[in-house]
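Engineer: Structure, please.
(one chain, ligands or ions: 1)
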Amino acid sequence: MKKSIGCFVLSLGFVFCVSSVSYGGGIEDVAKSCMACHKEGQTGKKPDLKTLSKKDFMEKMQEYKEDDGSFMGKKAKALSDQQIKDLADYFSKK
Ligand code: HEC
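Structural biologist: Okay, the predicted model is just below:
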């Protein structure tokens, strides 16, 4: 039960992120939507994105762009190359 509530909240986060991308929201808004799951100080499968190097971040996002099945695959496809670069800059500065 608890789990399905979590999924609901997560899917809302996803909707929010996609719409902020398609309406050309600032990169900071996109980054914040990522941090709904990639929380500050978090480690493991969805780490705090600031802990990844710029290079690792870019590589992971490119891999996700080629991956149709996963959630992050869909997410990465919704982002332009420029947005991925901007996100890498944003997270490496923080
Ligand atoms: C709904 C929750 C959620 C949101 C929102 C989300 N992610 Fe993720 N992310 C995940 C999960 C779950 C994984 C690990 C699953 C996997 O390996 O495919 C992951 C993995 C990643 C990884 C790989 C991390 C590693 O060390 O392997 C990167 C990079 C990443 N996400 C970037 C982003 C970016 C950028 C955004 C915002 C555009 C974002 N994520 C939004 C859930 C989310």
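
Engineer: And residue 29, how close does it get to the ligand?
Structural biologist: The gap separating residue 29 from the ligand is 10 Å, by C-beta to the nearest ligand atom, to the nearest Å. Where you see a C-beta, it was placed from the backbone N, CA and C, and this is true even at glycine.

Engineer: where's that residue, which helix or strand?
Structural biologist: Using DSSP states H and E, residue 29 falls within helix 27-34.

Engineer: who touches the helix or strand following that helix?
Structural biologist: Tracing the chain past helix 27-34, the next element assigned as helix or strand by DSSP H and E is helix 54-65. The set of residues external to helix 54-65 that reach it, using C-beta atoms under 8 Å, 6 or more residues apart in numbering, is 49, 52, 70, 72-73, 75-77, 79, 84-85, 87-89, 91-92.

Engineer: Now with 10 Å, please.
Structural biologist: Applying C-beta atoms under 10 Å, 6 or more residues apart in numbering, the set of residues contacting helix 54-65 from outside is 49-53, 70-79, 81, 83-85, 87-89, 91-93.

Engineer: Can you turn the buried part of those into a PyMOL selection?
Structural biologist: Buried residues within these, by 16 or more other C-beta atoms under 10 Å, are selected in PyMOL with:
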select buried, resi 49+50+52+72+75+76+78+79+83+84+85+87+88+91
